[in-house]
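J.: just coords:
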Ligand SMILES: N[C@@H](CCC[C@H](N)C(=O)O)C(=O)O
């Protein structure tokens, strides 16, 4: 059986897109198949999979509640499900526009397991209103025997944001940092943040289900929120913007009291028809 696929990325957080408009091609999307597709040496290689499916064709409550025609069925590289992917939803919207599945001149509503997200396009920048966030307490994360305090920030999915002197402190990140399983019973994405200048930071991330990646949109939002709060930077209008450099590029994060907006480039780089024979 052959089926369509695309490859895309947002600041080098890369995805295989699987158009499955009526949910008839990939069934429930087998986690083992996702992991095989994403494998860097033996598959196509990706940080995750974005299944492109009509909300009406997917039997999950968030799809039933969505006002958007299209639902981003997101999976991590190990096949696990996550609630949200900030870079993924921007790449997803890029595809919908390029493929003529939505009008190019209007905001794109995308259903996700974290609720509907609205993506707008301005030149090569795609911005997504990520909606509300939740700042909780702190816990510890550990890498190679070094322990840091981490801020618990929820941007649809769980994040532990750690400020370090230099990003090299995070070591090779070949294995997941240790974290407090009572705080994060479902696992966590861990961000390491180095200050660069006023309203400008750099980060590395170890993603739950995908390992170290070159960028993480929800993670950059969590970093923007944690840094803005640490800096008491919300201005009189209650809004501030941080530049967040990731290994794969630059994202801009606007933090407001009740929502966060993620902006950056998102590209489709290849498209084709696949026969999976592995
Ligand atoms: N890279 C994504 C986040 C993907 C989900 C994450 N690994 C999780 O399990 O929560 C992004 O751009 O936000």
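T.: Right, received. Where do you want to start? This one's a predicted model, so the numbers in the text were calculated from it and none came from an experiment.
J.: How is residue 79 assigned, secondary-structure-wise?
T.: Per DSSP: H, G, I helix; E, B strand; the rest coil, the local secondary structure of residue 79 is coil.
J.: Quick check: it touching residue 28?
T.: No: counting by C-beta atoms under 8 Å, residue 79 sits too far from residue 28 to count as a contact (11.3 Å). In short, each C-beta sits where N, CA and C put it, glycine included.
J.: Of those two, which one has the most company?
T.: Using other C-beta atoms under 10 Å as the criterion, residue 79 and residue 28 rank with residue 79 on top: 19 against 9.
J.: Report pLDDT for that one.
T.: On pLDDT, residue 79 comes in at 98.
J.: residues near the nearest residue to it once chain neighbours are set aside, how many?
T.: Distances taken as C-beta to C-beta, 6 or more residues apart in numbering put residue 31 closest to residue 79, at 2.8 Å, once the chain neighbours are dropped. Taking other C-beta under 10 Å as the criterion, the count of residues near residue 31 is 15.
J.: and residue 31, what does it touch?
T.: 75, 78, 79, 80 (C-beta atoms under 8 Å, 6 or more residues apart in numbering).
J.: Next, format the residues you listed as CSV and append distance to residue 147.
T.: Formatted as CSV, the contacts of residue 31 follow (distance: C-beta to C-beta, whole Å):
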residue, distance to residue 147
75, 31
78, 26
79, 31
80, 26
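J.: Disregarding residues adjacent in the polypeptide, which is nearest to the residue most central in space within the chain?
T.: Geometric centre of the chain, nearest residue: residue 85, 2.8 Å, by C-alpha atoms, centre = their mean. Here the nearest residue to residue 85 in space, its sequence neighbours aside, is residue 74; by C-beta to C-beta, 6+ apart that works out to 4.7 Å.
J.: Who does that neighbour form a beta bridge with?
T.: Here residue 74 sits in beta bridges with residue 50, as judged by DSSP bridges.
J.: May I have the residues that are in contact with it?
T.: Under the contact definition (C-beta under 8 Å, 6+ apart), the residues listed for residue 74 are 48, 49, 50, 51, 81, 82, 84, 85, 88, 112, 113.
J.: again with residue 83
T.: Residue 83 touches 112, 113, 114, 156, 157, counting by C-beta under 8 Å, 6+ apart.
J.: ok, of these, which one's closest to residue 268?
T.: Nearest to residue 268 among those, counting by C-beta to C-beta, is residue 112 at 18.9 Å.
J.: Wait, the closest one touches residue 63, no?
T.: No: using C-beta under 8 Å, residue 112 is not in contact with residue 63, being 9.2 Å away.
J.: The two - which one has more neighbours?
T.: A count of neighbours by other C-beta under 10 Å puts residue 112 above the other of residue 112 and residue 63, at 27 against 22.
J.: Let's see the pLDDT reported for the residue nearest to that one when sequence neighbours are not counted.
T.: Setting aside the residues directly before and after it, residue 112 is nearest to residue 72 in space (C-beta to C-beta, 6+ apart), at 5.1 Å. We have a pLDDT of 98 for residue 72.
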